[in-house]
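> Sequence first, then the predicted structure:
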Amino acid sequence: MMKRAFSRLSSRLLKQSESDELQSTIRFLTRSSQPPISSLLESNKDSTIVSPDGEEDGKHVERILKVLNSTLPEVESGKVRVEAHYDVLFSQLKNIVETSIKATDQNIVKEGPVKAVDSAVPSDVLYDKLMLLQYTNQLTNAGQMARIVLSKNFTAWDKVWGKISLFQESQRRDLSLLLYFRSGNKQIRETYENEWLGHYHELHIIVQRLFWRCICREIGPTDDFASVILQNVRKIQNWQGKDVVVLYQSLFAKAHLVPETLTQGVRSAVSKNQELFIQALRELSRHDSAEKKIKKWMVRLVKMSIENKIALEKSETQSGLSIYQYRFIRSLDLTIQELHTACEGKKHLVELQRHLELILRRIHNEEQEVKSQMSLKFI
């Protein structure tokens, strides 16, 4: 078997050169009386005594190693090809994501995550529609109720409240909060507040956001905003990273007043994208009074977070990366860059601009991390 291997090697040697030295090495290797090549290499490596035979053996070894090494793959050139491949891959992915971002920005509706019904539909027609859906068992989710109850024309809150017992228990929780948000009827809160808190995670995510807006609406100017939020959070069992994001999405205009301790000790860790989203909102809301347009930027960030399902994102230690995560980090990068540029030349926004630079550094670091992890995922 060894002879077969060396016969192949000999052909390699002969192709490279017809020199007497190489032919001598071939004859040396094909002699059955010679020791195996492995022992020859090992003895040559460990030997410290130079003899005529040892010196000749050393020359043979050098020639053999030279030919063997010449057959090894070129690592550096392979590395360059792989890097070029991923540069092209991420360039294409970046173009797809940015095109998607632009298309989404152009198609965002003012109603946000819940598309409202036609504003020309009168309240009594909307009421009849809601009750018909219920009677025919076609009322299957809170989104249907939200589209009707949150409609600008809908005012039949008391009529629905009077017939709430006709709805299923899970529907009553969502519907009662929708009615309370629109009407401010304190009786609704007194009746269902414990249900909202005790079954918070069973509420539709749209209704969860409205819950925090109701809480915020009732905080007086002399009340401690952070304390009121904490009191309600402590009444909710199994507080999670998702819940923190939903709260910030709802209270974005007062994000800087939300206690930072909400992310501490949560059942599931907050992801880096979620941290960046929260940090950006806190900085913008802190400077909201200095520039009217800042609120529009915050609304844009919230819409981006909803469209890219940031609330549902898990920390990197719990799950693999998704296209939503990369799409959001690209959207956030572009938005913060635009906002940073908009601050140019405005003395009252110098501090905000400095904080945005810090956020951009974190975003770029995270983007590189996401790209490297996605590279491994594609292999």
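Okay, I see it.

> Number of residues surrounding residue 338?
11 (other C-beta atoms under 10 Å). Where C-beta positions appear, they are placed from N, C-alpha and C, glycine not excepted.

> so what's it up against?
The contact partners of residue 338, taken as C-beta atoms under 8 Å, 6 or more residues apart in numbering, number zero.

> what about the helices in the stretch 201-350 of the chain?
Using DSSP state H, counting those that start in this stretch, the helices of the stretch 201-350 of the chain run over 205-217, 225-233, 241-250, 272-286, 294-307, 323-342, 350-378.

> which one of these is the most hemmed in?
Of all the helices of the stretch 201-350 of the chain, helix 241-250 carries the top mean neighbour count, a mean of 23, counting by mean count of other C-beta atoms under 10 Å.

> Quick one: mean pLDDT over that helix.
Helix 241-250 carries an average pLDDT of 95.

> re the thing from before, can you tell which of the helices of the stretch 201-350 of the chain is closest to residue 123?
helix 205-217 (19.6 Å; C-beta to C-beta).

> Run the angle between the closest one and helix 225-233 for me.
140 degrees (axes from the mean of the first three to the mean of the last three C-alpha atoms, to 10 degrees).

> what inclination does helix 205-217 have with respect to helix 294-307?
Using the same axes, to 10 degrees, helix 205-217 lies at 150 degrees relative to helix 294-307.

> what packs against helix 205-217?
helix 142-149, helix 169-183, helix 225-233, helix 241-250 (3 or more C-beta pairs under 8 Å, 6 or more residues apart in numbering; DSSP states H and E).

> out of the ones you listed, which comes closest to residue 257?
helix 225-233 (4.4 Å).

> okay, the closest one in PDB with CA atoms only?
Only the C-alpha atoms of helix 225-233 are listed here, as PDB (Å, rounded to 0.1, in the frame of the first residue of the first chain):
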ATOM      1  CA  PHE A 225     -45.000  58.600  37.400                       C
ATOM      2  CA  ALA A 226     -42.300  55.900  38.000                       C
ATOM      3  CA  SER A 227     -43.900  54.700  41.300                       C
ATOM      4  CA  VAL A 228     -47.300  54.300  39.700                       C
ATOM      5  CA  ILE A 229     -45.900  52.200  36.800                       C
ATOM      6  CA  LEU A 230     -43.900  50.000  39.300                       C
ATOM      7  CA  GLN A 231     -47.000  49.400  41.400                       C
ATOM      8  CA  ASN A 232     -48.900  48.100  38.500                       C
ATOM      9  CA  VAL A 233     -46.000  46.000  37.100                       C
END
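
> quick one: average pLDDT of it?
Rounded mean pLDDT across helix 225-233 is 94.

> tell me the angle that helix makes with helix 241-250.
140 degrees.

> ok, residues contacting helix 225-233?
197, 215-216, 219, 239, 243, 247, 251, 254, 257-259, 261-262.

> ok, of those, which one's closest to residue 174?
The closest of the contacts of helix 225-233, once distances to residue 174 are taken by C-beta to C-beta, is residue 197, at 14.1 Å.

> does that closest one really touch residue 215, like I thought?
No: the criterion here is C-beta atoms under 8 Å, and residue 197 misses it with residue 215 at 10.4 Å.

> got the helices of the stretch 201-350 of the chain as JSON lines, with distance to residue 176 columns?
JSON lines is the format used below for the helices of the stretch 201-350 of the chain (distance: least, C-beta to C-beta, whole Å):
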{"stretch": "helix 205-217", "distance to residue 176": "9"}
{"stretch": "helix 225-233", "distance to residue 176": "17"}
{"stretch": "helix 241-250", "distance to residue 176": "18"}
{"stretch": "helix 272-286", "distance to residue 176": "29"}
{"stretch": "helix 294-307", "distance to residue 176": "23"}
{"stretch": "helix 323-342", "distance to residue 176": "32"}
{"stretch": "helix 350-378", "distance to residue 176": "39"}
